[in-house]
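Engineer: What follows is a predicted protein model with its sequence.
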Number of protein chains: 6
Amino acid sequence: MHVHAFIEEMERLAPPELAEDFDTEKIGLVVEGRPEISLVCCALDATPYVIKQAVLASADMLVVHHTPLWTPVTAITGRVAGLMRALLSADMNLYVMHTNFDRAQGGVNDALAELLSLKDISPMSTGRIGSCTLSPAEISRRLGGTCRLWGKVKKIRRLALVAGSGFDPALLEEAKILGADTFLSAEMKHSVARTAPLPCIEATHYALEAPAMQRLSLRMGWQYIDDPPLVQKIP
Amino acid sequence: MHVHAFIEEMERLAPPELAEDFDTEKIGLVVEGRPEISLVCCALDATPYVIKQAVLASADMLVVHHTPLWTPVTAITGRVAGLMRALLSADMNLYVMHTNFDRAQGGVNDALAELLSLKDISPMSTGRIGSCTLSPAEISRRLGGTCRLWGKVKKIRRLALVAGSGFDPALLEEAKILGADTFLSAEMKHSVARTAPLPCIEATHYALEAPAMQRLSLRMGWQYIDDPPLVQKIP
Amino acid sequence: MHVHAFIEEMERLAPPELAEDFDTEKIGLVVEGRPEISLVCCALDATPYVIKQAVLASADMLVVHHTPLWTPVTAITGRVAGLMRALLSADMNLYVMHTNFDRAQGGVNDALAELLSLKDISPMSTGRIGSCTLSPAEISRRLGGTCRLWGKVKKIRRLALVAGSGFDPALLEEAKILGADTFLSAEMKHSVARTAPLPCIEATHYALEAPAMQRLSLRMGWQYIDDPPLVQKIP
Amino acid sequence: MHVHAFIEEMERLAPPELAEDFDTEKIGLVVEGRPEISLVCCALDATPYVIKQAVLASADMLVVHHTPLWTPVTAITGRVAGLMRALLSADMNLYVMHTNFDRAQGGVNDALAELLSLKDISPMSTGRIGSCTLSPAEISRRLGGTCRLWGKVKKIRRLALVAGSGFDPALLEEAKILGADTFLSAEMKHSVARTAPLPCIEATHYALEAPAMQRLSLRMGWQYIDDPPLVQKIP
Amino acid sequence: MHVHAFIEEMERLAPPELAEDFDTEKIGLVVEGRPEISLVCCALDATPYVIKQAVLASADMLVVHHTPLWTPVTAITGRVAGLMRALLSADMNLYVMHTNFDRAQGGVNDALAELLSLKDISPMSTGRIGSCTLSPAEISRRLGGTCRLWGKVKKIRRLALVAGSGFDPALLEEAKILGADTFLSAEMKHSVARTAPLPCIEATHYALEAPAMQRLSLRMGWQYIDDPPLVQKIP
Amino acid sequence: MHVHAFIEEMERLAPPELAEDFDTEKIGLVVEGRPEISLVCCALDATPYVIKQAVLASADMLVVHHTPLWTPVTAITGRVAGLMRALLSADMNLYVMHTNFDRAQGGVNDALAELLSLKDISPMSTGRIGSCTLSPAEISRRLGGTCRLWGKVKKIRRLALVAGSGFDPALLEEAKILGADTFLSAEMKHSVARTAPLPCIEATHYALEAPAMQRLSLRMGWQYIDDPPLVQKIP
């Protein structure tokens, strides 16, 4: 398949116009390699390990959620030089789907809702809200086991979830108004926790978003490369 | 003591010129009450609980680290109205020392270094670095028990610490250059963890900063009001 | 009446979407007090005297034209602390209708046109224009007697008026094109007077706007509190 | 005298570096005419009447306080075209001294202080403060008779004055701290009057500034052209 | 013809709404002279020579492509004073049609296409593209003889042209996509030449734009004043 | 030599603090390759041809005047991908010295002055001025033969030169004041030519700057790669 056809297919899955403004020029084909795409790898982040595995697999294309070129550059040095050398030497393409995939149907938030077996799902401005029969402990288990709980949860009935870094006061308020009793996201801040109108489960960013890339790989017949950050509770 | 004299004393403890630019007009006397100061209360945040306890104690002054008026307002409604009503009805003053106290000698970072028994301490652009004989488990215990570990720690010898939200790539780089082997702060972000050049211990913001307010209260003969956020590991 | 219902009623009288952009977040409920509204006071400005009278009247709500929180604040001190203490201690609400009321039907400019018995009234981009049979002396008398005249007036036939500070070169030009022969407003500036294309009557800001608040009070059954600034011609 | 020499002399009288930032490129030689300067006229504003009188007098140079080109232009049309045609056709120069002359020794504020017979004069950040034995009525008389009084004056002892539009809350505060009991300036605004910490005498802008141009003309042997705006109290 | 009627006619020829945003307030009547227009002169630039010739011809109006007041001014001195004095003393009007005339039907780019005998013309976002049977040497001859060639031209079939300074990477790309094999404009830059996707003929700005003013003069019965810059190849 | 030592040497030749502000983060090591530097190539631009020659020569480092990453990027595609692939695959470093080398002693302007045998050289704010005994024809010959002359030159005595794009009205004015009778630079614009106060010789950007890179290569024992743009007069 030509890379143009591949891009068209990706844009059907995650339409660029769904992306947040801050993603302008940071999604889509971020590194251009050979024009013919046959073997595709997929991961959450374009880490050195992920790129190495994709090169070993002779991938023509690597699809990721987070671009390695977030800050605009006028020099290719240090860590970025290492990543770009590995990609460009192998003539491999790098394609990024970020907030457009968060919001797409069947995208990051939908994959998370599915992982947690939510029912009666409705959308929030960002994220999803749905009926949940899992306990916090079971949620934590499905998300790799390093969750923290802010506030007191009795029993979860309606869970609001935002994959990624979603503990935003306006989103919490929206969730409460929409009937949520618990809010799941990553990267809680003290100032937000202090005024949160409902209890919050804090998972890792990776645990919330990687399932979508894994499911996408399965669906598309791509090779998924897992590279979670090493994080653990201190006993 | 007149409030002017009290302010002068506070400015000796935490000189306003040490504050970050973003703190301009957000530190110092943030709510003006009666001019005569006799009983002083102190806390990390001006929460409803803290203000209520200060009112019950008939405090003339409440000293906190985090201002409740961070975002400039043109209306006093909702949560802010509740806080302001409680303070102004009681004619109580509210005084904020924030990044100026972080950086002051004997301030927030120094209190944290002392709590963790650091030796051979030297300053970073923000935070401190020092020799540490504690294990991650003991550090976590002294910080209230909800720490997480990012990356692999063998044995801590030189610990860099930044009270508050200090997981910044530039600070991590500085710590590594200065010889730290482990970095302690709060509010880790995925993108920072992915490229952190040394292992990180993530505590809560409250656990890192409250000790300084508690020690200050002891030293000054003030009444300290503890109000930690409810956070726990999910088993 | 619940405060929400009261706000809805006010928004029918003076729709917020009529307000100038600079009024964003400076109109509407500016201080939140008790939720049940029975007794309402009204004035042009939320001065200490006005608030004191409203407290003595046990008002639940004070409606004013000019917000006392024009400049966004991160501290409640000095004059603002005095006003907020008086309002919040009394649990009184403060509601502001400003440029939205200037432009509303039956609003500030219409009340002024009525006070001066204008006929055949048509709107300007700001203000009104209408046929006038009063002499400058009679206009001045109805406006409290401290008016000044810039330029030469023979006989007024069509009067343009802008309540508040409306001596703007573009407005003067518009008035002339629309057929006005005299322009009434407040706060003349030298640079504007030098090039004014028609003679101007300068009243006080208070004299032009207070009548609208007084008429509104009458219509709504509120208690109007008059507090004109002390201004007089020097003999 | 060559125009360059004339400019040097003016810059000694009113050094450009004293000017406010907003005057950048708006003071000095604003219209360039013939290079040889012999006859000089002077006025407060470059009005059509003033320019016509200067042309009739065959002036080589007209010195004014207020530039007729305040707003930067990319077209010379309407009123500006009239002024520029009159000046350029007559090959007359136009020189502006504005806030640099306000602040210069012997400049606009000093001339006003002298006109009002102030003693023991000390400077403010803008304006002057001095002992005054005149009554408000006598001040008004010396300033052309159209003054208004805001607030209550018992007896003036220390008068603060700011020629031009100087009713600024920060200046009023400064004047009070420096011991003034009355403040004289022009162009009072309602919002300032409401919180003024001392009584204010409001004269016209012209009455406060023209005396300085008149005195300068006398001192330099120039021809002064008076052109006050027509303003009167309405009986 | 009254100047208002003349302006209406000009706005039909070159509608102001076609102009680029940077031309706001820089086109139309730029210097206002006498209201009655009988004799009209026309040129590319309002140079001292052009204005002198127009004055000698007793023109009421001078129409040009480039405004002499590009940078907004607060002073009329030096070169600008010379131009304005000549225009205003003669009571002559100056009218500017710039990017609105570039884009107008029958405007600058169309005149250039006609001069080079293009056929099958279609528009670009700026400029035109058409079939061309001329050699580079013949194009250069028709454009006054000082053209340079960047890159290699075999035979021109489809020529893209942009009158004025049009060597912009985005325009070059557009021309190539639309099938051009050669690009004609003025003021080539090194950085653009380095990556130009098709060969470029560089003429002078004057040679590309003056023909339009000349043709307009013919059509309207105006007097055209030619004033090309002196430029020659060094042998 | 280690790349760090090489960079130190380059910074002595062309101190980064001499660079214009717009060069921030666009000079120095722009692509990072292997750390050991033995063979160095040098050119004016990092074109595909230049990089290919440097790769064939097995260079460890390529030094150029113009960065290929002028506009900050968040994607490596198209032309930039081609350049980066060639550089990174070969593990070659790319070092840029731009306006810092223009201004350095022995830098771009000095090399040009030397090429044209200037004497009694003194600096301008940008560029140099010196006595010149060459004719325009000889200057053009030494600069590759495609120069154009704007205005009339009798005999050059004092030549001002600015390597690169230096036809700036302020620089032309400065040159005239400093006694130049002719100005040499590249990329003349119509608006500048119209008001130039002295005759101008327009060479190509490449012809003015490449000599400095060639001379630097000779001095340092590097391999110089010439890649002039193809430009010619049309007969």
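Structural biologist: Thanks, I have it.
Engineer: A:L87 touches A:V30, doesn't it?
Structural biologist: No: at 9.4 Å, A:L87 and A:V30 do not qualify as touching, with contact defined as CB atoms under 8 Å. For the C-beta atoms, the positions are set from N, CA and C on the backbone; glycine is no exception.
Engineer: Overlap in contacts, those two.
Structural biologist: A:L94 (CB atoms under 8 Å, 6 or more residues apart in numbering or on different chains).
Engineer: Settle it for me: which of the two has more neighbours?
Structural biologist: A:L87 (27 against 23; other CB atoms under 10 Å in any protein chain shown).
Engineer: Could you tell me whether the more buried one really is in a helix?
Structural biologist: Yes: counting by DSSP: H, G, I helix; E, B strand; the rest coil, A:L87 is found in a helix.
Engineer: who are the neighbours in contact with the closest residue to it other than its chain neighbours?
Structural biologist: Of all residues beyond its chain neighbours, the one nearest A:L87 is A:V31 (4.9 Å), with distances taken as CB to CB, 6 or more residues apart in numbering or on different chains. Counting by CB under 8 Å, 6+ apart, A:V31 touches A:84, A:87-88, A:92-94, F:75-77, F:81.
Engineer: redo that, cut-off 10 Å
Structural biologist: A:46, A:62, A:67-69, A:83-84, A:87-88, A:91-96, F:75-77, F:81, F:84-85 (CB atoms under 10 Å, 6 or more residues apart in numbering or on different chains).
Engineer: Over to A:M124?
Structural biologist: Here A:M124 is in contact with A:109, A:160-162, A:166, A:171, A:174-175, A:177-178, A:180 (criterion: CB under 10 Å, 6+ apart).
Engineer: Could you report the pLDDT at it?
Structural biologist: We have a pLDDT of 95 for A:M124.
Engineer: how near is it to A:E20?
Structural biologist: Going from A:M124 to A:E20 by CB to CB, to the nearest Å gives 15 Å.
Engineer: Just checking, which helix or strand of chain A averages the lowest pLDDT?
Structural biologist: Taking mean pLDDT, DSSP states H and E as the measure, the helix or strand of chain A with the lowest value is strand A:231-233, at a mean of 90.
Engineer: Direction included, what does it pair up with?
Structural biologist: strand B:148-150 (antiparallel) (DSSP bridges).
Engineer: Would you tell me which residues of chain A are close to chain F?
Structural biologist: Within reach of chain F by CB under 10 Å from any CB of the partner chain, chain A has these residues: A:23-33, A:67-78, A:80-82, A:84-91, A:93-94, A:96.
Engineer: hang on, the earlier thing: filter the contacts of A:M124 down to just the ones in helices.
Structural biologist: Using DSSP state H, the members of the contacts of A:M124 that fall in helices are A:109, A:171, A:174-175, A:177.
Engineer: for the longest helix seen in chain A, what is the average pLDDT?
Structural biologist: Using DSSP H to define each element, chain A has its longest helix at helix A:205-220. Mean pLDDT, computed over helix A:205-220, is 97.
Engineer: Check the ones in helices among the contacts of A:M124 against chain F and report the nearest one.
Structural biologist: A:N109 (24.3 Å; CB to the nearest CB).
Engineer: How much space separates that closest one from D:V96?
Structural biologist: Counting by CB to CB - A:N109 and D:V96 are separated by 63 Å.
Engineer: before we move on, what about A:Y95?
Structural biologist: From A:Y95 to D:V96 the distance is 62 Å (CB to CB).
Engineer: Between those two, which is the more surrounded one?
Structural biologist: D:V96 (28 against 22).
Engineer: Helices along chain A, start to end?
Structural biologist: Under DSSP H, chain A gives helices at A:3-13, A:48-56, A:78-89, A:99-103, A:108-115, A:136-142, A:169-177, A:190-195, A:205-220.
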